[in-house]
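Novice: Show me how the following folds:
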Amino acid sequence: MAETKIKAALIRFNGAIKSSDGVALSSALNEVEALLSTHRQELHPQLRHFLEGRSYAKALAWLGAADELGARPSSPPGGCGGGHA
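Specialist: Numbering: from 1, shown residues only. From the prediction side, this is the model:
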């Protein structure tokens, strides 16, 4: 349930960025932050990591919304691109 609400808020956030709607952007971001705060302990650790790091494109990809939004994280879901040599 929380993941569905987070996904919807991130989709609105992404739309607000594309339309340069500062009010909608702020509202969506506040909703994401409130949902994270309220549901932090029940969220999957990877999703929590992305949200805490404000890696919203990665969070959308993890939630399965990347294709519909054209959001492409710089590293694959599950990795932060830290790499191990």
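Novice: So what's the model's average confidence on the helix or strand encompassing Ala57?
Specialist: Ala57 is part of helix 56-62 when elements are defined by DSSP states H and E. Mean pLDDT, taken over the full extent of helix 56-62, equals 93.
Novice: Packing partners of that helix?
Specialist: Taking 3 or more C-beta pairs under 8 Å, 6 or more residues apart in numbering; DSSP states H and E as the contact definition, the neighbouring helices and strands of helix 56-62 are helix 2-19, helix 45-52, helix 66-69. No exception for glycine: its C-beta is placed from N, CA and C like everyone else's.
Novice: again, 10 Å this time
Specialist: The contact analysis (3 or more C-beta pairs under 10 Å, 6 or more residues apart in numbering; DSSP states H and E) places helix 56-62 against helix 2-19, helix 22-39, helix 45-52, helix 66-69.
Novice: List the buried residues for the third one?
Specialist: Residues of helix 45-52 classed as buried under the neighbour-count rule (16 or more other C-beta atoms under 10 Å) are 47-51.
Novice: Same check on the second one?
Specialist: Applying a neighbour-count criterion of 16+ other C-beta under 10 Å, one finds 25, 28-29, 31-32, 35-36, 39 buried in helix 22-39.
Novice: Including distance to Ile11, could those go into CSV?
Specialist: As requested, those are exported to CSV (distance: C-beta to C-beta, whole Å):
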residue, distance to Ile11
Leu25, 12
Ala28, 8
Leu29, 13
Glu31, 11
Val32, 11
Leu35, 13
Leu36, 16
His39, 17
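Novice: Quick check: Leu29 touching Ile6?
Specialist: No - taking contact to mean C-beta atoms under 10 Å, the distance of 11.8 Å between Leu29 and Ile6 leaves them out of contact.
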